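Trainee: Sequence plus the predicted model coming up.
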Amino acid sequence: MKDFKKNSIKTTPSVWEWNKIGKVSIQESNDPLVSVSYIPEKLIVSPQYFIQNIPGALPDLYIRNQVQHKLIEAAKLLPNGYKFVIFDGWRSIETQKALFYKMKDFVKRDHPNFTEEETLTATLRLVALPSTDIEKPSPHNTGGSIDLSIADNSGRLLDMGGPFDDIKETAKTAFYENESKVNIKEAVHVQENRRFLYNVMTQVGFTNYIEEWWHFDYGNQNWAYNKGTEHAIFGATKPLFPWV
Ligand SMILES: C[C@@H](N)C(=O)N[C@H](C)C(=O)O
Ligand SMILES: [Zn+2]
C-alpha cells in the first residue's frame with residue numbers, strides 16, 4: 001500500500017495522438033465479453049451512464065474475459081476493506097455518440113470563440129470519436145477499456161481531486177504530480193489516491209489514458225500503442241444476448 005502511494009505517476013505518451021493510435025493493427029483474439037458483476041467482494045458496479053440515462057447504456061457492465069482476469073489480479077492488490085468501483089466498461093456506439101455530443105456541447109459552452117477544429121480537439125481530450133471503422137474502433141467499444149475508482153471500508157470514494165468525467169484540466173492523471181501547479185501540501189492525499197489507483201492498475205498490465213485518472217486500457221489500440229506491442233488483440237465487439 002505504502003509503495004502504491006509513494007511511487008509517482010509517469011504517464012506516457014506525453015501527448016495523446018489519436019491518429020497514431022488508430023493506425024495500430026488489430027489481431028482480434030475473440031475473447032468473449034463477460035459481466036463484471038459477479039465478484040462483489042472486491043468490485044462494486046456503478047454503471048454511471050445507465051444511471052444517468054445516457055442512450056444505449058446497459059444496467060450491467062461488460063469487459064473482455066482477459067480484462068476481467070487482470071482486474072481481479074489488480075483487486076487482489078487492494079488492502080482489506082478497499083474495493084474497485086466500476087463506472088463503465090464496454091460501451092455501445094450509441095452511448096459513445098451521445099457522450100461525444102454532450103462533451104462537445106460543454107466545450108462550446110465554455111469556449112464560444114473556438115473554431116470548429118479547436119472545438120473538436122478539445123472534445124477529443126474528453127471523449128473518443130464514436131467510430132464504426134473496424135480498423136480504429138472507439139476504445140470502450142472493444143471491451144478493453146474500464147473507467148473506475150476505489151472506495152474505502154466506509155463506502156466512500158477516495159478523493160481523486162474531482163469526480164468521474166470531470167472536464168477540468170485537473171482530471172489529467174499526473175496533474176497532482178506537478179508541484180508548481182498545485183499546493184502539494186494541501187493536495188497530498190489526492191496525489192496519493194491517484195497514485196494508488198494508477199500503480200495498482202499498471203502493475204498488472206493496464207495502461208492509463210493520460211487525460212483521465214479513471215480510464216484504463218488492456219488489449220485495445222490504446223494499450224498496444226502505449227506498450228509498444230506489435231498489435232492490439234481487441235477490436236470492436238458487443239455482448240451477445242440470446243433473445244436480442
Ligand atoms: C467519456 C470518458 N468517460 C471516456 O471514457 N473517455 C475516453 C477518452 C473514451 O471515450 O474512450
Ligand atoms: Zn473511459
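Mentor: Received, thanks. Ligands and ions are numbered 1, 2, ... in the order given.
Trainee: Return the list of helices and strands in contact with the helix or strand harbouring Leu99.
Mentor: Leu99 belongs to helix 93-110 when assigned by DSSP states H and E. Helix 93-110 is packed against helix 116-126, with contacts defined by 3 or more Cβ pairs under 8 Å, 6 or more residues apart in numbering; DSSP states H and E. C-betas here are computed from N, CA, C, even on glycine.
Trainee: Please save the CA atoms from the helix it packs on in CSV.
Mentor: As requested, the backbone C-alpha atoms of helix 116-126 are provided in CSV (Å, rounded to 0.1, in the frame of the first residue of the first chain):
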residue,chain,number,x,y,z
GLU,A,116,-14.7,24.0,-35.3
GLU,A,117,-11.2,22.4,-35.3
GLU,A,118,-10.3,23.8,-31.8
THR,A,119,-13.7,22.5,-30.5
LEU,A,120,-13.0,19.0,-32.0
THR,A,121,-9.5,18.9,-30.5
ALA,A,122,-10.8,19.9,-27.0
THR,A,123,-13.7,17.4,-27.3
LEU,A,124,-11.3,14.6,-28.2
ARG,A,125,-9.4,15.2,-24.9
LEU,A,126,-12.7,14.3,-23.0
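Trainee: List the buried residues of that helix.
Mentor: For helix 116-126, a neighbour-count test (16 or more other Cβ atoms under 10 Å) marks Thr119, Ala122, Thr123, Leu124, Arg125, Leu126 as buried.
Trainee: repeat for stretch 236-244
Mentor: If you call a residue buried by 16+ other Cβ under 10 Å, then stretch 236-244 has these buried ones: Ala236, Thr237, Pro239.
Trainee: Apart from its chain neighbours, what residue comes closest to the second one?
Mentor: With Cβ to Cβ, 6 or more residues apart in numbering as the measure, Gly143 is the residue that lies nearest to Thr237, at 5.4 Å, once sequence neighbours are left out.
Trainee: Equivalent analysis for the first one, please.
Mentor: The shortest distance from Ala236 to any non-neighbouring residue, by Cβ to Cβ, 6+ apart, is to Pro137 (3.8 Å).
Trainee: For the residue of the chain at minimum distance from ligand 2, which residues are in contact?
Mentor: When scored by Cβ to the ion, the chain has His215 as its residue closest to ligand 2, at 3.6 Å. His215 makes contacts with Ser145, Ile146, Asp147, Asn208, Tyr209, as judged by Cβ atoms under 8 Å, 6 or more residues apart in numbering.
Trainee: try 6 Å this time
Mentor: By Cβ atoms under 6 Å, 6 or more residues apart in numbering, the contact set of His215 is Asp147, Tyr209.
Trainee: Now it. Its backbone dihedrals?
Mentor: Main-chain torsions, His215, degrees, to the nearest 10: phi -100, psi 120.
Trainee: For Ala151, see how far away it is.
Mentor: Using Cβ to Cβ, to the nearest Å, we find His215 at a distance of 18 Å from Ala151.
Trainee: can you tell me if the helix holding Leu99 touches ligand 1.
Mentor: Yes - under the criterion of Cβ under 6 Å from any ligand atom, ligand 1 is reached by helix 93-110 at Leu99.
Trainee: Now that helix: buried residues?
Mentor: Buried, per 16+ other Cβ under 10 Å, within helix 93-110: Ile93, Thr95, Gln96, Lys97, Ala98, Leu99, Phe100, Met103, Lys104, Val107.
Trainee: thought the last one was touching Ala122?
Mentor: Just to be clear, that refers to Val107. Yes - at 4.5 Å, Val107 and Ala122 qualify as touching, with contact defined as Cβ atoms under 6 Å.
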